[in-house]
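Participant: A predicted structure for the sequence below; I have some questions about it.
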Amino acid sequence: MPDQATIDAVKALLEICTKKKLTLATAESCTGGLVAAVISEIPGSSAVFDRGFVTYSNEAKQQMLGVTPATIDVYGAVSSECAEEMAKGALAHASVDLAVSITGIAGPTGAVPGKPIGLVYFCAASRSGRVIAHDRKYGDIGRANVRHGSVLQALAMLQELAEKEEPRPPAAKS
């Protein structure tokens, strides 16, 4: 069960998305679907939440989200470039208004030179073309804490994007 701060963040996101008739998807690597899980924990979230892509492997990022092999070869799966391709790929592969991506090193292993444990990249993108990108250096605070912090960051970015979006116009009657 998510903690109260997480539940409050999800409820605030769902409220603004419901009011504006916005839908969303997640593209998660190091969080393994936790953002999708906390969103779907809230009754009524199906009006807003469409799907989550859990793309833990590089192959999954490429097959499910269209991340290019060159991006992974040049920048790595843990990079701002990969996070942006993941978010835009989620928009391309789902009929949603907003998407957020997360890719990082939760630990306790996986660090490489220049990419320490606790380094996480995020990107939120909207169908209207807005993009917000952040990275967080949580440090070696434990796998669960890195993942929890990443969930809160992703929810905050989705809310920031939702607040800037225009409401979706009503569907035309035929």
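Facilitator: Cool, the structure landed.

Participant: the helices in the protein, which residues?
Facilitator: Secondary structure of the chain (DSSP state H): helices located at 4-20, 34-40, 58-65, 69-75, 80-93, 143-164.

Participant: and stretch 62-77, how far from the chain's centre?
Facilitator: Computed by CA atoms, centre = their mean, to the nearest Å, the chain-centroid distance of stretch 62-77 equals 16 Å.

Participant: in it, what's buried?
Facilitator: Residues of stretch 62-77 classed as buried by neighbour count (16 or more other CB atoms under 10 Å): 62, 64-65, 67, 71-72, 76-77. In short, each C-beta sits where N, CA and C put it, glycine included.

Participant: so G142 makes contact with G107?
Facilitator: Yes: contact status for G142 versus G107: in contact at 7.1 Å, counting by CB atoms under 8 Å.

Participant: which of those two has more neighbours?
Facilitator: In terms of neighbours (other CB atoms under 10 Å), G107 is the more surrounded of G142 and G107; the figures are 22 against 15.

Participant: Give me the spatial nearest neighbour of that one, chain neighbours excluded.
Facilitator: I117 (3.8 Å; CB to CB, 6 or more residues apart in numbering).

Participant: Please apply the same query to T103.
Facilitator: Setting aside the residues directly before and after it, T103 is nearest to S29 in space (CB to CB, 6+ apart), at 4.2 Å.

Participant: from what I can see that neighbour touches A106, true?
Facilitator: No: assessed by CB under 8 Å, S29 is found out of contact with A106, at 9.3 Å.

Participant: which of those two has more neighbours?
Facilitator: The neighbour comparison of S29 against A106 (other CB under 10 Å) goes to S29, with 29 against 26.

Participant: could you list every residue that touches that one?
Facilitator: Applying CB atoms under 8 Å, 6 or more residues apart in numbering to S29 gives the contacts 54-56, 61, 77, 86, 101-104.
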